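Participant: predicted model and sequence below, questions to follow.
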Amino acid sequence: MTGLVYALGVVVFVLGVIASIALHELGHLYPAKKFGIKVTQYFVGFGNTVWSFRRGETEYGIKSIPLGGYVKLVGMLPPERRSQEDVPVGGATAPERVRDTNTGLFTQLVSDARHAEYELVDEDDADRLFYKKPWWQKLIVMAGGPMVNVAIAVVLFAVVLMGFGALTPTTTVAAVSDCAISDAEAGRTCTDADPVTPAKQAGLQPGDRFVSFNGERITSWEQLSGLIRGNGGDEARIVVERDGREIAAEVPTTVLARASVDDPERTERVGFLGVEPTQAMQRQGPGTVAEVMGEQVVATADAIAHLPVRMVEVTKAAFGAERPADGPISVVGASRVAGELVTVDEPTWSERAQRILGLLASLNLFLALFNFIPLLPLDGGHIAGALWEAIRRGWARLRRRPDPGYVDVARMLPVAYVVGGILMVMSVILIYADIVNPVSIS
């Protein structure tokens with residue numbers, strides 16, 4: 001049974017990844033068609049075509065390797081600057097007129113790329129080329145894909161937090177600590193020399209529910225924790241509910257070195273009572289969703305910024321070194337994690353759904369932020385080109401200078417080839433490491 005549940009988790013996750021890719025590409029396709037750009041292909045996956053159909057001028061389909069997707073927008077690369085306005089586009093001779101004569105490696109690759117852009121251009125398509133569209137339309141088209149991933153992440157996090165809920169500390173006592181020791185000593189066994197906790201002195205027991213603290217009505221663990229920490233070593237008037245009746249006690253809280261709420265790396269001397277709260281699943285509000293999204297954005301951006309360093313660690317792990325549990329993984333590794341998430345600790349079906357949805361939410365957020373990196377061939381490279389065009393043309397208008405024209409993103413193709421090669425090598429290393437030395441959460 002465990003094997004079947006594991007396989008089901010993997011299949012559901014992979015289908016979720018494919019759906020995310022399809023919706024990402026739809027984020028490019030829909031505005032492109034609305035703006036009149038010629039779109040010849042919409043595919044999920046790479047490699048050989050598994051299935052496709054044609055509707056109008058666009059071929060829709062699925063390819064054999066589900067590691068991405070693409071939408072073919074015609075005219076993303078403009079002709080040579082000398083030909084942008086005065087060389088007609090269309091017919092068999094247009095690509096030849098704009099072809100470079102330089103035989104340098106990258107120059108020839110750029111020339112071939114420009115040439116390939118116009119193989120499907122007809123005489124009636126002159127005004128339907130991507131590069132001729134206003135900068136704001138280019139921006140919307142290229143940002144549409146990653147923004148769809150952001151929207152997916154928001155929806156999935158909302159379902160997880162508002163629909164299923166999150167483990168939240170309650171005002172009910174789960175355990176009472178025997179001795180008052182600092183966070184630095186946490187985990188060691190209490191000795192006779194250690195002071196007894198105020199909670200122990202007050203006779204608090206597991207199952208007690210806090211009613212008030214120093215006369216203030218208690219509604220949440222966060223509130224109670226703040227009151228205890230702020231009480232220092234002063235006397236505390238505590239009221240708890242036990243077996244349906246209220247019990248009052250008075251005891252001074254102890255001052256200990258505890259981790260700061262704002263910065264866990266820093267310690268501060270605060271009041272300490274010595275109780276641990278029970279955890280319960282509670283549905284959260286939109287504010288919590290926004291807070292979690294903000295935290296995830298910061299964490300994901302930090303992970304992307306440190307990706308080169310983490311890839312060195314993964315490369316070492318691929319050849320026998322220890323694999324960091326929090327390092328990057330491929331879709332293969334994420335699929336294995338999905339299988340473990342639905343089997344480890346014997347979760348309920350509700351918990352399984354929550355875990356898979358949370359994993360897909362995190363993946364979509366990563367895809368969105370990664371695609372916003374301003375380098376070709378990522379969407380961010382074209383977004384940067386559109387923004388630069390807007391700045392350059394706007395500055396020319398302010399200075400009453402001639403229109404500088406379209407930004408020639410083809411000049412950045414050498415960078416795109418290098419970045420594309422790096423991404424391919426990274427993918428191969430990650431997949432290999434996920435096979436020979438996978439990350440495990442169990």
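Facilitator: Sure, I can see it.
Participant: can we go C-alpha only for contacts and neighbour counts from here?
Facilitator: Fine.
Participant: so what touches stretch 287-303?
Facilitator: For stretch 287-303, the surrounding residues in contact (CA atoms under 8 Å, 6 or more residues apart in numbering) are 154, 157, 158, 161, 162, 362, 365, 366, 369.
Participant: what about the spatially closest residue to residue 165 that is not a sequence neighbour, neighbour count?
Facilitator: In space, and not counting its chain neighbours, residue 165 is closest to residue 283: 3.8 Å by CA to CA, 6 or more residues apart in numbering. Using other CA atoms under 10 Å, the number of residues around residue 283 comes to 17.
Participant: residue 283 contacts residue 164, correct?
Facilitator: Yes - in this structure, residue 283 is within contact of residue 164 by CA atoms under 8 Å, at 6.3 Å.
Participant: buried ones in stretch 287-301, by neighbour count?
Facilitator: 288, 289, 292, 293, 296, 297, 300, 301 (16 or more other CA atoms under 10 Å).
Participant: still on that earlier bit, which two of the contacts of stretch 287-303 have the greatest separation?
Facilitator: Maximum pairwise distance among these (CA to CA): 23.9 Å, between 162 and 369.
Participant: give me the subset of the buried residues of stretch 287-301 lying in helices.
Facilitator: 288, 289, 292, 293, 296, 297, 300, 301 (DSSP state H).
Participant: kindly reformat those as TSV containing pLDDT and distance to residue 310.
Facilitator: TSV is the format used below for these (pLDDT from 0 to 100; distance: CA to CA, whole Å):
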residue	pLDDT	distance to residue 310
288	92	30
289	94	28
292	94	24
293	95	23
296	95	18
297	96	18
300	95	13
301	95	13
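Participant: quick one: distance of stretch 211-222 to the chain centre.
Facilitator: 37 Å (CA atoms, centre = their mean, to the nearest Å).
Participant: now that stretch: average pLDDT?
Facilitator: Mean pLDDT, computed over stretch 211-222, is 94.
Participant: kindly report the same for stretch 249-269.
Facilitator: 86.
Participant: and that stretch, which residues are buried?
Facilitator: The neighbour-count check on stretch 249-269 (16+ other CA under 10 Å) flags 250, 251, 252, 253, 254, 255, 256, 257, 258, 259, 267, 269 as buried.
Participant: do stretch 364-379 as well
Facilitator: 364-373, 375-379.
Participant: dump the residue contacts of residue 144.
Facilitator: Residue 144 sits next to 24, 27, 28, 31 when contact means CA under 8 Å, 6+ apart.
Participant: again, 6 Å this time
Facilitator: 27, 28 (CA atoms under 6 Å, 6 or more residues apart in numbering).
Participant: hmm, back to that, could the buried residues of stretch 287-301 go into CSV alongside distance to residue 239?
Facilitator: Below are these laid out as CSV (distance: CA to CA, whole Å):
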residue, distance to residue 239
288, 29
289, 33
292, 33
293, 37
296, 38
297, 41
300, 43
301, 45
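Participant: stretch 134-142 - what's its average pLDDT?
Facilitator: The average pLDDT within stretch 134-142 is 96.
Participant: give me the contacts around stretch 148-161.
Facilitator: So stretch 148-161 is contacted by 24, 27, 284, 289, 354, 361, 364, 365, 368 (CA under 6 Å, 6+ apart).
Participant: of those residues, which is the nearest to residue 69?
Facilitator: Of all those, residue 69 sits closest to residue 24, with 8.5 Å by CA to CA.
Participant: next SSE after the host helix or strand of the closest one?
Facilitator: If you go by DSSP states H and E, residue 24 is part of helix 2-34. Next helix or strand after helix 2-34 toward the C-terminus (DSSP H and E): strand 39-55.
Participant: helix 2-34 and that following strand, what's the angle between them?
Facilitator: Counting by axes from the mean of the first three to the mean of the last three CA atoms, to 10 degrees, strand 39-55 points 110 degrees away from the direction of helix 2-34.
Participant: strands of this protein, start to end?
Facilitator: 39-55, 58-73, 166-176, 209-213, 216-217, 235-242, 245-252, 254-259, 267-272, 275-282 (DSSP state E).
Participant: distance to residue 6 added to those strands, as TSV?
Facilitator: Listed next are the strands of the chain as TSV, based on distance: least, CA to CA, whole Å:
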stretch	distance to residue 6
strand 39-55	24
strand 58-73	20
strand 166-176	23
strand 209-213	39
strand 216-217	46
strand 235-242	43
strand 245-252	47
strand 254-259	38
strand 267-272	42
strand 275-282	24
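Participant: residue 328 is nearest to which of those strands?
Facilitator: The nearest among those, by CA to CA, is strand 58-73 at 15.7 Å.
Participant: the helix holding residue 24 - contacts with which helices or strands?
Facilitator: Counting contacts by 3 or more CA pairs under 6 Å, 6 or more residues apart in numbering; DSSP states H and E, helix 2-34 packs against helix 135-158, helix 331-341.
Participant: got the buried residues for that helix?
Facilitator: Residues of helix 2-34 classed as buried: 6-7, 9-10, 12-14, 16-18, 20-29, 31-32 (neighbour count, 16+ other CA under 10 Å).
Participant: any regions of this protein where pLDDT drops low?
Facilitator: 1, 81-106 (pLDDT under 70).
Participant: let me see the domain layout of it.
Facilitator: The chain breaks down into these domains under automatic domain parsing: 2-37+129-158+363-436, 167-282.
Participant: list the residues that contact residue 141.
Facilitator: For residue 141, the contacting residues are 28, 31, 32, by CA under 6 Å, 6+ apart.
Participant: change it to 8 Å
Facilitator: By CA under 8 Å, 6+ apart, the contact set of residue 141 is 27, 28, 29, 31, 32.
Participant: likewise for residue 426?
Facilitator: Residues in contact with residue 426 (CA under 8 Å, 6+ apart) are residue 311.
Participant: can you give me the distance of it to residue 307?
Facilitator: As defined by CA to CA, to the nearest Å, residue 426 lies at a distance of 10 Å from residue 307.
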